[in-house]
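Q: Structure for the following, please:
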Amino acid sequence: MAKTHRFARVSRLVGACAVVGALLAGPLAGAGQAATPTVLKSFAGQGTGFALRVVVDLSGLPDAAKSAIQGLYAPIASASGGLLPAQFPFVIDQRFIETLSQLGQGTQATSVLGRGVLNDVLSKVLNTDLNQSASASKPGESQSTSTKSISLPSDQLPIINLSLGNLTAAVTSLPRVTSSGQLVKVDLSPLQGLLKVLPQQVQSALNSVTSTVNSTIDTVNGSSGALSSALDTVGQTLASVSSTSALGGVLQQAGLGNQIGNPTGMVSTLKSLINIPHIPDLLNTNLGSINGLLNNALAEKSSGKAFGNATSHLASVDLLNLVHVGVADIMSHSEAAGTPGSAKNTSSCKLLDVKLGAAGIALDGQTITVNGVPVPVPAVDISAVKSAVNTVLGIAGVNVGLCDPANQVAKADGSQASQTVSALRIVFAPLAGAGDFGLGITQGTPLIKVIIDPSVETAASASVATASGVTPALPHTGAAPLATVVTGVIVAGAALILRRRLAHN
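A: Residues are numbered from 1 along each chain as shown. Sure, this is the predicted structure:
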């Protein structure tokens, strides 16, 4: 009888646990369903890289000078057989090795040699037998094409010279799209290339710029010039550092260790190693060259988000024998998942050996380069060096922007993110010097503007839909899950107590 009683109590306990378990199962299962991951209803990603943007602008010249240029240009355009436009393009804005990867409603990978004002010229120069782009739009599709050395807009007017290159595009597997472009070298010779259409008055004004800039450089470099005075201050400071300090170690690497404690020797050595070089004859040389251009762009959907990525690499940039950039690397990344806070942008910009020609003066205003070794200089001293450099750059009409802040947009709801990043922006915009050169060109007249500007752009967008097969969440009208569980436990406990009392009766 006792065994039967114990069995009854165990049965009642198991039954009570079953009741509680059933009460718990409902709300907990509902909570589990609410945590089911969502999927993207729509998405798009884009990566765009311009390894190089070049602008050659003569629009600042007076109307009389422009009319003279058009008069000299017209016979050349006519003789080109339609290759050149009838009207001279006073603003040539061209992008080179543009890579574009995009996915979403349309999936496309494209790598193009150039886009801009000279597009029609490019297509005619390269003709239909030579592809100027690579593209892919289907899974598993890829294309690669090589480009030949060409002069733009023509051999008769070689403003921009492009060397050998390679363009590739691929859709490796949906949703992943890649494209890349490469050029060995781009030479800029706008003034030399335009000699046939530049009237003598414009040429004279440009020659005066060369003379004025080099005269200023001689003054700045002179024994009593601004740079000489600045290096005197720098040398005094560097000679006083401890040979056992970190800066002393750098001076040893730069070959200046034996001048520590000898201010006269330190100053003399610095002045012999650091001076601002002359700029070349503007009309008879390349203004600059850009070497080792490489662009990559990627668009992809992965792990519930869409993103775009773009990188650009330049091995070196030189302008007027005055501005030198060793290596430039820029990256832009944008992503979006369609949920609040998921839209993000990241970027990086790295520049190596940014200095004034071979002068060893860093344009970031933090170091000087001695025998190839960057030497950090106290701010109070380097500011004087930078001031001397800026005097020359100002007269030459050169402005250099290094690693401009990224232009970012990221929506709070996570639907969109986009960004543009520029590694450096070099502008050469000389003004006419003193005198009246004719054709309306007087002191202060803008003569030409040349812009070198590599940049990358990325964008991503996404919106969210409920995963397939899962019932959409409805507005909540019942008790909260915790309240349901607590109520169930109370009901179950009361049932056990009541049943026990009834059993004793």
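
Q: Quick check: chain neighbours aside, which residue is closest to residue 313?
A: residue 294 (4.4 Å; Cβ to Cβ, 6 or more residues apart in numbering). For every residue, glycine as well, the C-beta is placed using N, CA and C.

Q: So the one you found lies in a helix, does it not?
A: No: counting by DSSP: H, G, I helix; E, B strand; the rest coil, residue 294 is located in no helix; its state is strand.

Q: Would you confirm that residue 56 contacts residue 92?
A: Yes: with contacts counted by Cβ atoms under 8 Å, residue 56 reaches residue 92, the gap being 4.5 Å.

Q: if I look at these two, which residues touch both of them?
A: 159-160 (Cβ atoms under 8 Å, 6 or more residues apart in numbering).

Q: Please state the offset of stretch 349-358 from the chain centre?
A: Stretch 349-358 has its C-alpha centroid displaced from the chain centroid by 16 Å (Cα atoms, centre = their mean, to the nearest Å).

Q: Report the mean confidence score over it.
A: Across stretch 349-358, pLDDT averages out at 84.

Q: contacts for that stretch?
A: 276-277, 321-331, 361-364, 369, 389, 392-393, 400, 402-403, 421, 423-424.

Q: For residue 84, give me its contacts.
A: Applying Cβ under 8 Å, 6+ apart to residue 84 gives the contacts 76-77, 121, 153-154, 156-157.

Q: So which of those sit within strands?
A: residue 153 (DSSP state E).

Q: Can you flag the buried ones in the contacts of stretch 349-358?
A: Buried members of the contacts of stretch 349-358, counted by 16 or more other Cβ atoms under 10 Å: 276-277, 321-325, 327-328, 330-331, 361-363, 369, 389, 392-393, 400, 402-403, 421, 423-424.

Q: Next step: those restricted to helices.
A: Judged by DSSP state H, the buried ones among the contacts of stretch 349-358 include 389, 392-393 as members of helices.

Q: if we can go back for a sec, so which one among the contacts of residue 84 has the lowest pLDDT?
A: Lowest pLDDT of those: residue 121, 64.

Q: gap between the residue nearest to residue 425 when sequence neighbours are not counted and residue 163?
A: Excluding the flanking residues, the one nearest residue 425 by Cβ to Cβ, 6+ apart is residue 401, at 4.1 Å. Per Cβ to Cβ, to the nearest Å, residue 401 is found 26 Å from residue 163.

Q: again with residue 169
A: 21 Å.

Q: So the two - more neighbours on which side?
A: Taking other Cβ atoms under 10 Å, residue 169 and residue 163 do not tie; residue 169 has more neighbours (28 against 16).

Q: host element of the spatially closest residue to that one that is not a sequence neighbour?
A: Closest residue in space to residue 169, ignoring its immediate chain neighbours: residue 109 at 3.9 Å, by Cβ to Cβ, 6+ apart. Residue 109 is part of strand 108-116 when elements are defined by DSSP states H and E.

Q: Any buried residues in that strand, and which?
A: Quick answer for strand 108-116 (16+ other Cβ under 10 Å): 108-116.

Q: quick revisit: Provide a list of residues in contact with the residue nearest to residue 313.
A: Neighbouring residues of residue 294 by Cβ under 8 Å, 6+ apart: 51, 180-182, 312-314.

Q: ok, now with 10 Å
A: If you count contacts by Cβ atoms under 10 Å, 6 or more residues apart in numbering, residue 294 has them with 49, 51, 97, 99, 165-166, 180-183, 311-315, 329.

Q: Now flag whichever of the residues you listed is closest to residue 442.
A: Residue 442 lies nearest to residue 314 out of those, by Cβ to Cβ, at 37.4 Å.

Q: Relative to residue 385, how far out is that closest one?
A: From residue 314 to residue 385 the distance is 26 Å (Cβ to Cβ).

Q: on that earlier part again, might one say that the residue nearest to residue 425 is in contact with residue 454?
A: No: assessed by Cβ atoms under 10 Å, residue 401 is found out of contact with residue 454, at 11.8 Å.

Q: Please say which of these two ends up with more neighbours.
A: Of the pair residue 401 and residue 454, residue 454 is the one with more neighbours under other Cβ under 10 Å, namely 28 against 12.

Q: wait, what's in contact with that one?
A: Contact analysis of residue 454 by Cβ under 10 Å, 6+ apart lists 49-54, 95-97, 290, 293, 295, 312-314, 317, 328, 330, 421-426.

Q: how close does it get to residue 312?
A: 5 Å.

Q: Show me the shaky parts of the protein.
A: Within the chain, the ranges that satisfy pLDDT under 70 run 1-47, 49-51, 103-105, 117-132, 174, 379-380, 465-505.

Q: Show me the helices in it, by range?
A: 2-34, 63-79, 119-126, 190-193, 200-221, 226-239, 246-253, 263-273, 379-396, 481-504.

Q: List buried residues within the contacts of residue 84.
A: 77, 121, 153-154, 157.

Q: that older thread, any common contacting residues for residue 401 and residue 454?
A: Joint contacts of residue 401 and residue 454 (Cβ under 10 Å, 6+ apart) are 422-426.

Q: want to throw the residues you listed into TSV with distance to residue 209?
A: Listed next are these as TSV, based on distance: Cβ to Cβ, whole Å:
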residue	distance to residue 209
422	27
423	27
424	23
425	21
426	17
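
Q: Out of these, which is nearest to residue 223?
A: Using Cβ to Cβ, residue 426 comes nearest to residue 223 of these, at 30.7 Å.

Q: beta partners for the closest one?
A: Beta bridges link residue 426 to residue 400, residue 452, judged by DSSP bridges.

Q: Residue 362 too?
A: Assessed by DSSP bridges, residue 362 has beta-bridge partners residue 355.

Q: you'd agree it is up against residue 373?
A: No: using Cβ under 10 Å, residue 362 is not in contact with residue 373, being 11.7 Å away.

Q: Identify the residues contacting the residue nearest to residue 169.
A: Residue 109 touches 47, 99-103, 134-137, 141-143, 168-172, 176-180, 297-299, counting by Cβ under 10 Å, 6+ apart.

Q: 7 Å instead, please
A: Going by Cβ atoms under 7 Å, 6 or more residues apart in numbering, residue 109 touches 101, 135-136, 169-171, 177-179.

Q: Reformat the contacts of residue 84 as a markdown table; add distance to residue 246.
A: Below are these laid out as a markdown table (distance: Cβ to Cβ, whole Å):
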| residue | distance to residue 246 |
| --- | --- |
| 76 | 60 |
| 77 | 62 |
| 121 | 55 |
| 153 | 53 |
| 154 | 56 |
| 156 | 57 |
| 157 | 54 |
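
Q: neighbours around residue 162, how many?
A: Look at residue 162: counted by other Cβ under 10 Å, it has 23 neighbours.

Q: How about the one 4 residues further on?
A: Summarising burial for residue 166: neighbours were counted as other Cβ under 10 Å, giving 17.

Q: Show the contacting residues for the residue nearest to it when sequence neighbours are not counted.
A: Take residue 166 and drop its neighbours on the chain: the residue closest to it by Cβ to Cβ, 6+ apart is residue 182, 4.8 Å away. Contacts for residue 182 were tallied using Cβ under 7 Å, 6+ apart; they are 97, 165-166, 293-294.
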